[in-house]
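Q: I would like to see how this sequence folds:
(chains A and B)
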Number of protein chains: 2
Amino acid sequence: MPSVQPSDPAGYFDAAAGRPLHPVAVQAWQAAAEDGWADPGKLAGPSRRSALLLDAARETVAEAFGLAPDEVSFLPSGVHALQSAVLGAAYARRARGARIVHSAVEHSAVLHAIQWHVRRGGLAVPVGVDAHGKVSASEFLAAVNAPGTAAAVLQAANHEVGTRQPVEAVAAQLRDVPLVVDVGHQVVFGAVPDGADIAAADARLWGGPGLGILIVRRGRSFEPPFPREDPEFGRSAGVPDVPAAVAAAAALRAVRMDREADAVRLAGYLDDLRRQIAQFPDAVVLGDPVDRLPHLLTLSLLHVDGQVLLDGLERSGFIVSSGSSCTSDTLTPSHVLVAMGALTTGNIRISLHPGVNARAVERFAQALPSVLADARAQLPGAAPLQAGPQTTTPNVVDSRGRRCPLPVLDLARALPLIDVGTELLVLADDPAAGSDIEAWCRMRGQELVDVRPAAPDTGQPPGTPAAVPATAARSETAFRVRRLS
Amino acid sequence: MPSVQPSDPAGYFDAAAGRPLHPVAVQAWQAAAEDGWADPGKLAGPSRRSALLLDAARETVAEAFGLAPDEVSFLPSGVHALQSAVLGAAYARRARGARIVHSAVEHSAVLHAIQWHVRRGGLAVPVGVDAHGKVSASEFLAAVNAPGTAAAVLQAANHEVGTRQPVEAVAAQLRDVPLVVDVGHQVVFGAVPDGADIAAADARLWGGPGLGILIVRRGRSFEPPFPREDPEFGRSAGVPDVPAAVAAAAALRAVRMDREADAVRLAGYLDDLRRQIAQFPDAVVLGDPVDRLPHLLTLSLLHVDGQVLLDGLERSGFIVSSGSSCTSDTLTPSHVLVAMGALTTGNIRISLHPGVNARAVERFAQALPSVLADARAQLPGAAPLQAGPQTTTPNVVDSRGRRCPLPVLDLARALPLIDVGTELLVLADDPAAGSDIEAWCRMRGQELVDVRPAAPDTGQPPGTPAAVPATAARSETAFRVRRLS
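A: Just a heads-up that it's a prediction; the model follows:
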């Protein structure tokens, strides 16, 4: 399979999963490898040189984020930094309670940390999101203000669909409870939100090496949730890797130098793409259309298997993600898309880095329709159309025995064949069909009238409401859908 | 202050605290930075290249250690790997008990992990060591075989004094309880000991970047003690840093290519140094004289402040450690030296890397006496001799009001002035004098006859046993020492 060369990153549209090391990161690492290999916590000459380099890296990161240097710690990985932030904020306040309030759409590393907290007797209070993936500030605050809350966790922006969360609005109303913010995807082009008490980011998001940044604002309580070591103000797991810290800081400074122009330029590319995609049948853009990350766009493309689509796009020279950035290769549905009530199949996330140009995005938009058509043709049972759903009557679709995403695909094909205002009955026995059909109706503005166990036809006349055929068994489900448009 | 240049590492005698990045590590990192930046857990082209590099690095490490690749995981730091090893072994067996049996001289990161376990309701059972810092296999096994033991933790060799621990002897007698082994200092010139079920090492010890290796032998139970992430067989905190893993593997292969010759050569340098040091007054080599790491030697140099000595050696072009590698700069006494019953002041650890040559070690031996004399001259109250202890009678030394290490220094100077077989009484009021005097007597083969609260002379005739002068107060301590040689 041909692949995009790292020396030509124009077709790499998966920056939110990490991006090529920035050239200044590579140069900085090389210089620091020579002079920064020793333990910066000791006193001898090589250690003093390491400590100077580490201090300079810390000041660079602090300056980029408008922080004091002692608010910045280098942790050995982005995941470790995120998990330390969440658990360290809660652990410091364990005398006040064991509740961690969080949005349902946090990064999986954050959710894993919270699950860990729960397995050890803690309590997790997830707050749902709307169809754009956005938390309601008032709903979030209501959950936080219940007694016994140790920490509130809210990402600056969602890593899968780009929607910004109301961090400032929440922070303005919070008193005692510390607000922990995953700032990774936000800080590349933006800032650490005002009101974040504790924050964390992964340096790979801006072209640094694998390294985490933990931010603890002055005066905020933090206790390391894992075994405590002295380095990095007692917040890290041992001696920091100085060359990695130096490289991360250099890359951060470099990417932020042109961040405003880059943000405008990349958002412009994605606005163009969004307009083109609006012309595609069965394509929906997910996430908040306005209050969003500038460089990230997620599409829901019905009738395709995400991985087949990814492979097809890669053959055309483009690397994107499908579903959750963390779960796309494990076939687990994205918890973000589930929380939004969106379809969890056939999604692709496009996330641009500044090395991408307008021509590459244009080529992508040109390539997408044929890649999509090829991918749809490969979906078993999906093509040709006549081999698809068994439409026993004009208003009943029998998708029994067909695995997801086929039932929702059958629905999408059959619905335009009936009159607006009339109903269609879909029979399915794949347990996942329910969430798919519900999400599809919500996304497409059609009405899911009811869902019930399928039962044999008891002799009512066919027509509206659609009758269940006599062959249906009790383990099957009938979905009644009214065409509204 | 002048300092050794990293480009001339001949005088860097602190390899056990991490050593300069190996040139092949730097080259490997540069190559992997180009091709290994993407998440190796995804499926697209850049990720496939990352995964290939990571697999190759894993195979290199596995081959070096005689392991299967799936027994090797890359963790984001050496400390994280050590702590995961200890706590992950215990956590997997939590249904069997909460006891962790460990030597009292493990690395501080291991002890911190065990303290963390205890704070969460676990139990720690430390096993003491002899004067060489070695655990008794039978004593260790007796502790492990008590009911409720979740894990046994025993380092391959001590990181401060070089003594090897009886890992194979212990392993041969263990049945169910997993043996967790800190192999870092051992594997550079040796092997992962047979019988280690779970092991960990820090790549900085062989010239790699900051990265940990976690080894879980096949069939052994391990559950991640921290929030679980998918990568690295579910044993790591997130996506591994592929360039760092590639660099660590390349350095390991390079250092192990000549490891047997290097071990013989470095041990030879240290044998020569040991012979020269035997001529020095008041210098004792710590640790097992035979069953030890080839590249590490620790000296106890009475009458000096360790940091002053380090500074003097650095001015002569040599970097060594003082006391604990982890606590030397925090003025906490080394827990290893305390457990051995050795003096905790005036110690230096010399640890060589293969770039050191015979000439450098000779220059070190030549420089040490004058550096030592200068350092002793700087010790407040230590010189000139006549300003030292107030010898009120020939067999009483009054060290009251003098801070450690002065009381033991007073003892060391006064004892040669009395006849062999007779006794000296030392009065001191520094609380730390007791452990110093006890350790000094043990190290020098003199007899500490008794230790008791100092009380006024009740009229017994002066002589043997030495009488406490009438000026002593109850908060003071009297040490009766018999000169044996």
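Q: Show the contacting residues for the closest residue in space to A:Gly148 that isn't next to it in sequence.
A: Distances taken as CB to CB, 6 or more residues apart in numbering or on different chains put A:Gly97 closest to A:Gly148, at 3.0 Å, once the chain neighbours are dropped. Yep, even glycine has a C-beta here, placed from its N, CA and C like the rest. Neighbouring residues of A:Gly97 by CB atoms under 8 Å, 6 or more residues apart in numbering or on different chains: A:123, A:147-150.
Q: Make JSON lines out of the residues you listed and add pLDDT.
A: Shown next, in JSON lines, are the contacts of A:Gly97 (pLDDT from 0 to 100):
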{"residue": "A:Leu123", "pLDDT": "98"}
{"residue": "A:Pro147", "pLDDT": "96"}
{"residue": "A:Gly148", "pLDDT": "97"}
{"residue": "A:Thr149", "pLDDT": "98"}
{"residue": "A:Ala150", "pLDDT": "98"}
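Q: and of these, the nearest to A:Ser300?
A: The nearest member of the contacts of A:Gly97 to A:Ser300, counting by CB to CB, is A:Leu123 at 33.2 Å.
Q: Look up which residues are beta-bridged to the closest one.
A: According to DSSP bridges, the residues that bridge with A:Leu123 are A:Arg99.
Q: Verify the stated contact: it with A:Gly148.
A: Yes. Using CB atoms under 8 Å, A:Leu123 is in contact with A:Gly148, at 7.5 Å.
Q: returning to that earlier point: on the three-state scheme, the residue nearest to A:Gly148 is what?
A: Following DSSP: H, G, I helix; E, B strand; the rest coil, the label given to A:Gly97 is coil.
Q: Please apply the same query to the one 4 residues further on.
A: Under the three-state scheme (three-state DSSP), A:Val101 adopts strand.
Q: and it, what does it touch?
A: Taking CB under 8 Å, 6+ apart, one finds A:125, A:127, A:140, A:143-144, A:149, A:151-153, A:177 in contact with A:Val101.
Q: mind redoing it with 6 Å?
A: Contact analysis of A:Val101 by CB atoms under 6 Å, 6 or more residues apart in numbering or on different chains lists A:125, A:143-144, A:149, A:152.
Q: and if you look at A:Ala150?
A: A:90, A:93, A:96-97, A:99.
Q: Got the phi and psi for the residue nearest to A:Gly148?
A: phi 150, psi 170 (degrees, to the nearest 10).
Q: A:Ala377 now?
A: phi -70, psi -30.
Q: Would you map the helices across the stretch 151-300 of chain A?
A: A:167-173, A:184-187, A:231-234, A:242-257, A:259-277 (DSSP state H, counting those that start in this stretch).
Q: For B:Gly287, find the nearest of those.
A: So among the helices of the stretch 151-300 of chain A, helix A:231-234 is nearest, using CB to CB, at 26.9 Å.
Q: So which elements touch that closest one?
A: If you count contacts as 3 or more CB pairs under 6 Å, 6 or more residues apart in numbering or on different chains; DSSP states H and E, helix A:231-234 packs onto no helix or strand.
Q: So for A:Leu123 and A:Gly148, which sits in the more crowded spot?
A: Of the pair A:Leu123 and A:Gly148, A:Leu123 is the one with more neighbours under other CB atoms under 10 Å in any protein chain shown, namely 15 against 11.
Q: So the more buried one is in contact with A:Ile100, correct?
A: No. Assessed by CB atoms under 6 Å, A:Leu123 is found out of contact with A:Ile100, at 7.1 Å.
Q: how about low-confidence regions in chain A?
A: A:1-9, A:281, A:303, A:323-332, A:379-394, A:455-475 (pLDDT under 70).
Q: what's the domain layout of it?
A: For chain A, the structural domains run A:20-256, A:259-377, A:385-482, going by automatic domain parsing.
Q: As a markdown table, these with distance to B:Arg19 would be great.
A: A markdown table is the format used below for these (distance: least, CB to CB, whole Å):
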| stretch | distance to B:Arg19 |
| --- | --- |
| domain A:20-256 | 7 |
| domain A:259-377 | 36 |
| domain A:385-482 | 54 |
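Q: Go through those domains and pick out the most buried.
A: Most buried of those, by mean neighbour count (mean count of other CB atoms under 10 Å in any protein chain shown): domain A:20-256, with a mean of 22.
Q: Show me how far that domain is from its chain's centre.
A: 17 Å (CA atoms, centre = their mean, to the nearest Å).
Q: and the end-to-end length of that domain?
A: 16 Å (CA to CA, to the nearest Å).
Q: again, but for stretch A:55-73
A: Using CA to CA, the two ends of stretch A:55-73 sit 10 Å apart.
Q: contacting residues around it?
A: Residues contacting stretch A:55-73 (CB under 6 Å, 6+ apart): A:192, A:214-215, A:217, A:232-233, A:235-236, A:245-246, A:249, A:252-253, A:256.
Q: Distance to B:Arg58 for those residues - can I get that in TSV?
A: Formatted as TSV, the contacts of stretch A:55-73 follow (distance: CB to CB, whole Å):
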residue	distance to B:Arg58
A:Val192	36
A:Leu214	28
A:Ile215	33
A:Arg217	39
A:Glu232	28
A:Phe233	33
A:Arg235	30
A:Ser236	25
A:Ala245	25
A:Val246	27
A:Ala249	29
A:Leu252	30
A:Arg253	33
A:Arg256	35
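Q: Out of those residues, which comes closest to chain B?
A: A:Ser236 (8.2 Å; CB to the nearest CB).
Q: My read is that the closest one contacts A:His80, right?
A: No. Look at A:Ser236 against A:His80 with CB under 6 Å: they stay out of range, at 8.4 Å.
Q: Work out for me the element A:Val336 sits within.
A: Secondary structure from DSSP states H and E places A:Val336 in helix A:335-340.
Q: which parts of chain A sit against chain B?
A: A:3-4, A:17-18, A:20-21, A:26, A:33, A:37, A:39, A:42-45, A:76-77, A:79-80, A:83, A:112-113, A:116, A:209-210, A:226-227, A:229, A:237-238, A:241, A:314, A:319, A:329 (CB under 6 Å from any CB of the partner chain).
Q: re the thing from before, how about the helices of the stretch 151-300 of chain A in CSV, adding distance to B:Ala339?
A: Formatted as CSV, the helices of the stretch 151-300 of chain A follow (distance: least, CB to CB, whole Å):
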stretch, distance to B:Ala339
helix A:167-173, 49
helix A:184-187, 43
helix A:231-234, 24
helix A:242-257, 31
helix A:259-277, 53
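Q: Nice, that's everything, thank you.
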